[in-house]
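Enquirer: next one to model:
(2 chains)
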Amino acid sequence: MKIKTLLLVLVFAMVSVVTLACNKPKETLVIWVGAESATFYQTQMDAYIVAYNEANDEDFPYIVEVKPVDTGTAAGVFLDDQEAGPDIFTVAHDNLGRLVAGSSAIAPVTLQALIDQINNDNPASFQEVIRATVGGTEYIFGIPYVAQSLVLYYNNTFLTEANVQTWEGIWGVAKAQNKRALTITGTDGFNNSFLLLSTRVTDGTTSLRLYQNGVQEDTFGTGDDTISVLKWGQRFFMDSNGAAQASSSGWEVELKDGLTLSVIGGAWHFNAAKAALGENLGIAILPKFTITAEDAYGTVAAGTQFQSGSFTDTKMFVMKKNSPKAAYLQDILLYLSSKQMQELSFNEVDNLPAYKNAATEFTKMQGTSIEAKLAAAQVEMFAYGIPQPFGFQARYNVYYYQKGAPDIILAILRNVDGSYNTFEQIKARMTIVETIWKTGQQPAA
Amino acid sequence: MNKNTQETKHPSFINRLFQSLSQSLKKGFSRLGKSFQRFYDRFRDGSTGTKVSHLVMGFGNLTRKQYAKGILYLGLQIIFIFFMVSSPVVNSTPFGWKSLGNMITLGTEAGDLFNPTDNSMLMLLFGVVTVGIIAVFIIVYLSNIKSSYATDLRLRKGKEPTTFKEDIASLFDSRFHVLMLTPAMIGVLIFTVLPTIFMILIAFTNFDSDHIPGQHLIDWVGFANFAAVFSGTGEIAVRFVPVLTWTLTWAFFATFTNYIAGILLALLINRKQIKFKKMWRTIFILTIALPQFISLLAMRNLLSLYGPINSALVNMGILEAPIEFLGLATSATTARITILVINLWVGIPYTMLMTSGILMNVPADLYEAAQIDGATRRQAFFNITVPYILFVTAPYLITSFIGNITSFNIIFLLTGGDPVVPGYKAGQTDLLVTWLYSLTIEESDVSIGSVIAIFTFILTATATLISYRRSKSYKEEDAFQ
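Expert: Below is the predicted model of the structure:
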């Protein structure tokens, strides 16, 4: 009797499983966004579906699931298994090269309303880096929705707003207090941009070129101004009260314990900086600095003032190529990247908008909160930076970041064994850096 | 005895290695020849049923009323043929016979913005899997002939063909090893052999950051990636030898420092004068109980620039100012010595624990006999304890050495491969395996990474074979039983 009952239960279970398996569930439309925004965008998508259902005779045909995936690694994760990837995901714009390489893994924007919104709402610098040419035709692939740049986090118990106008101002206080003026959070090509992307204050120019207009060979890092700036940077990094990379204890500890007076970071460093300094946290744009007679080289005269630069980037939504839900994706993106949604996102989760007039039109931007200051400083830095120009080809990003050039630049700045005392030595080493940027390899000996 | 005679009697290690290799090759060819001979003999000598079984699997069994077995073989053949002919498609890439062709071309459709590109890596993978399935099918095919022929022999001896029930029963009796080993062998094939072959094949392609599967077609490039290790100005050519040298140095010191220190600690704890032995052992075992990465991260924090160890050393006047010990150290030697010392902390307890067990099991009569013969304690130690420990722990020593060659955690978590060598990805504490991680995960240079993986495999396999075959544990397997 017991065995019969058991068999019946088993048969019932099997039939149930088969019945459930045959009953096709509603498919899921998957969106990946950064962890900080996942809940926000899920809420907005729930609202979108309600609005869609009210406006149409039929229900929205998919369940929409917004998943938190780190934006920095999303492109790599997606490319590892494109079939299993999401329908929409967010990446920093410099990933565009590898996403559209060859026959492209993402779909172009074709909905005219979305193209118009992108063209009307975004600064020109963003519009250049969201396009790519595939099969001889240029398309828009990315839909900007967030912007980011480097700013200065500083300890306002030691530094005033006047001090942080120039690196020399911070350096002077550091010497007086016997502290370090600046800690850089990392040594990669993003962090050294505060020196490499410096521009003359008088006319905003620099001779530095990185993959200009997407051309690999149009890369130049050995101009007089670059060498002068590096020489200035060398003095800054070699002084015990100047700049240094974060120690093994971490920049947060150094900032918290008052060992360093300032840190260069992005919005993603904000929470840690705030935790370290609390009310004593100040935020400003990256300072200026002045070339001395010791640093003047070639056409760059002593007294020339430079403004520290930054990569000023955008994060963008992209769509999977050949998604079976393609018919619905662009309308969703029209909604998610709209000006109203960007303002809401800034108000609720502090995402710095990509919208070009955000600084003047968004109410919260006018406030005095530390978050508003962070946004304002980032927006201001957009005047002194360029978006990372690596989206044209997959290899540019790798050549710039991964092939050892940042470590060579740091070695020049630290000059530990005195190998880079002269301008010629610096220039010779920068020639190697330039070759790495162009070819991914060091030049033959 | 002259030198020549000595060489004849004791050929050098290299000579013996070559002799051993040539003997293995001879044996292999001989076995292969015998297999073909058996195949031919069975066909010639077998009944009509057995002969037909060469074409229609299970036919010989079916004609002898071994229906279950025959249907099983026939079913497998039909499934195999269906699989090969229908070439089922997964993720737009076919298996079956089409995958064999794709494995050679690695795809032909370059695709465009609106049409898919052939996924070369999936094609290679599916090709390898299909080859694996064919290999398994060949084994089943041969087993079908063997089974039919075995029935022929039984009939000739006047016995009845075995029933399916008897065949199943034999799997739990005389052929129990087959039952037990088959799942293991299938597991090894799926999870070890096929991925290894796949990885080796990738080393002969141009799969890198410029060739993304599904977006570009990937091509075979022959030995170009291997040549890159020995020529050019690239990362691989410049950094391979330094990284290999440090990998071997690390493996040697990490193994022997742990081994010797572990033995000494065990000897110390086992001394009669030491009280609370269990407590001491427990304290050291606690480091095993903690997840290793927690110990390593704790160590990294303790050793950080403004951490407690630096503070203590400065306060004691040993250091004038705090220094970086790990990835940011100004000298590679400092970082290397530090990780070796930290490795002692996480490694000694294992050796101590094992050696304690061994020491407690050294036959007491050996020491008694030595004492009667007038041996001193020192002589007893060096002539009984040490050889006994060495004998029992030789395989552990070898696996430990191999494990240290591929020791990823300790380097990745403590230094990340740094201090950096400006201009290159591989830092001064990078091992082959951590370098491999950087090349594949961070740079997507998968083909070059595969070359490094092959070299690592050759290195570890050779070291294992040589050291194990030369150890007493291998040569005198029964000595201490």
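
Enquirer: and the helix or strand harbouring B:I81, average pLDDT?
Expert: Counting by DSSP states H and E, the element that carries B:I81 is helix B:67-86. The pLDDT scores in helix B:67-86 average 95.

Enquirer: now it: buried residues?
Expert: For helix B:67-86, a neighbour-count test (16 or more other C-beta atoms under 10 Å in any protein chain shown) marks B:K69, B:G70, B:L72, B:Y73, B:L74, B:L76, B:Q77, B:F80, B:F83, B:M84 as buried. Glycine gets a C-beta too; all of them are placed from N, C-alpha and C.

Enquirer: what is the one helix or strand B:T393 maps to packed up against?
Expert: Counting by DSSP H and E, the element that carries B:T393 is helix B:386-405. Using 3 or more C-beta pairs under 8 Å, 6 or more residues apart in numbering or on different chains; DSSP states H and E, the elements in contact with helix B:386-405 are helix B:235-270, helix B:332-360, helix B:446-470, helix B:472-475.

Enquirer: returning to that earlier point: need the contact partners of the helix holding B:I81.
Expert: B:53, B:56-62, B:95-97, B:130, B:133, B:137, B:140-141, B:144, B:147, B:164, B:167 (C-beta atoms under 8 Å, 6 or more residues apart in numbering or on different chains).

Enquirer: next, the buried residues of the helix or strand following the helix holding B:T393.
Expert: Per DSSP H and E, the first helix or strand lying C-terminal to helix B:386-405 is helix B:409-414. By neighbour count on 16+ other C-beta under 10 Å, the buried set for helix B:409-414 is B:I410, B:I411, B:F412, B:L413, B:L414.

Enquirer: buried subset of the contacts of helix B:67-86, written for PyMOL?
Expert: Command for PyMOL that selects the buried part of those, burial taken from 16+ other C-beta under 10 Å:
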select buried, chain B and resi 53+57+58+59+60+61+62+95+96+130+133+137+141+144+147+167
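
Enquirer: keep only those of the contacts of helix B:67-86 that are also close to chain A.
Expert: Restricting the contacts of helix B:67-86 to those touching chain A (C-beta under 8 Å from any C-beta of the partner chain) yields no residues.

Enquirer: from the contacts of helix B:67-86, which land in helices?
Expert: B:53, B:59-62, B:96-97, B:130, B:133, B:137, B:140-141, B:144, B:147, B:164, B:167 (DSSP state H).

Enquirer: next, count neighbours for A:Q165.
Expert: 14 (other C-beta atoms under 10 Å in any protein chain shown).

Enquirer: next, count neighbours for the closest residue to it other than its chain neighbours.
Expert: Nearest residue to A:Q165, sequence neighbours excluded (C-beta to C-beta, 6 or more residues apart in numbering or on different chains): A:P287, at 5.9 Å. Per other C-beta under 10 Å, the neighbour tally for A:P287 reads 24.

Enquirer: in the stretch 301-445 of chain A, mark out all the helices, start to finish.
Expert: A:326-336, A:339-349, A:358-361, A:370-381, A:394-402, A:405-414, A:423-439 (DSSP state H, counting those that start in this stretch).

Enquirer: before we move on, the earlier item: so how far is A:N163 from the residue nearest to A:Q165?
Expert: According to C-beta to C-beta, to the nearest Å, A:P287 and A:N163 sit 9 Å apart.

Enquirer: intersection of neighbour lists for the two?
Expert: Taking C-beta under 8 Å, 6+ apart as the criterion, A:P287 and A:N163 both touch A:G169, A:I170.

Enquirer: and A:S207, how far is that from chain B?
Expert: 23 Å (C-beta to the nearest C-beta, to the nearest Å).

Enquirer: SS state for that residue?
Expert: The three-state assignment at A:S207 reads coil, by DSSP: H, G, I helix; E, B strand; the rest coil.

Enquirer: just checking, it touches A:T226?
Expert: Yes - using C-beta atoms under 8 Å, A:S207 makes contact with A:T226 at a distance of 6.3 Å.

Enquirer: which of those two has more residues huddled nearby?
Expert: Using other C-beta under 10 Å, the more surrounded residue of A:S207 and A:T226 is A:T226, with 25 against 15.

Enquirer: so residue 218: helix, strand or coil?
Expert: Because you didn't say which chain, this covers chain A. Applying three-state DSSP: A:D218 is coil.

Enquirer: nope, chain B please
Expert: coil.

Enquirer: find the nearest non-adjacent residue to it, please.
Expert: In space, and not counting its chain neighbours, B:I218 is closest to B:S120: 3.6 Å by C-beta to C-beta, 6+ apart.

Enquirer: which residues are in contact with that neighbour?
Expert: Counting by C-beta under 8 Å, 6+ apart, B:S120 has contacts B:L106, B:G107, B:T205, B:F207, B:P213, B:H216, B:L217, B:I218, B:D219.

Enquirer: just those residues now: which is nearest A:K274?
Expert: Nearest to A:K274 among these: B:P213, at 42.3 Å, using C-beta to C-beta.

Enquirer: wait, the closest one touches B:T205, no?
Expert: No - the criterion here is C-beta under 8 Å, and B:P213 misses it with B:T205 at 10.0 Å.

Enquirer: what's the domain layout of chain A?
Expert: A:28-147+A:313-386, A:150-311+A:403-439 (automatic domain parsing).

Enquirer: now tabulate these in JSON lines and tack on distance to B:I339 and mean pLDDT.
Expert: JSON lines is the format used below for the domains of chain A (distance: least, C-beta to C-beta, whole Å; pLDDT from 0 to 100):
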{"stretch": "domain A:28-147+A:313-386", "distance to B:I339": "27", "mean pLDDT": "90"}
{"stretch": "domain A:150-311+A:403-439", "distance to B:I339": "13", "mean pLDDT": "93"}
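
Enquirer: to B:Y350, which of the ones you listed lies closest?
Expert: Taking these one by one with C-beta to C-beta, domain A:150-311+A:403-439 is closest: 27.4 Å.

Enquirer: any idea how far that closest one is from the middle of the chain?
Expert: 18 Å (C-alpha atoms, centre = their mean, to the nearest Å).

Enquirer: report how many residues lie close to A:F237.
Expert: Neighbour tally, A:F237, other C-beta under 10 Å: 21.

Enquirer: ugh, typo on my part, it should be B:A298
Expert: 12.

Enquirer: looking at chain B, which residue lies furthest from center?
Expert: B:G158 (48.7 Å; C-alpha atoms, centre = their mean).

Enquirer: report the separation between it and chain A.
Expert: 42 Å.

Enquirer: repeat that for B:S304.
Expert: B:S304 is 4 Å from chain A, where distance means C-beta to the nearest C-beta.

Enquirer: burial measure for that residue, as a count.
Expert: B:S304: 21 neighbours (other C-beta under 10 Å).

Enquirer: contacts only, for the residue nearest to B:Y388 when sequence neighbours are not counted.
Expert: Nearest non-adjacent residue to B:Y388, counting by C-beta to C-beta, 6+ apart: B:V362, 5.3 Å away. Residues near B:V362 by C-beta under 8 Å, 6+ apart: B:I384, B:T385, B:Y388.

Enquirer: the second one contacts B:L359, correct?
Expert: Read it as B:T385. Yes - with contact defined as C-beta under 8 Å, B:T385 counts as touching B:L359 (7.2 Å).
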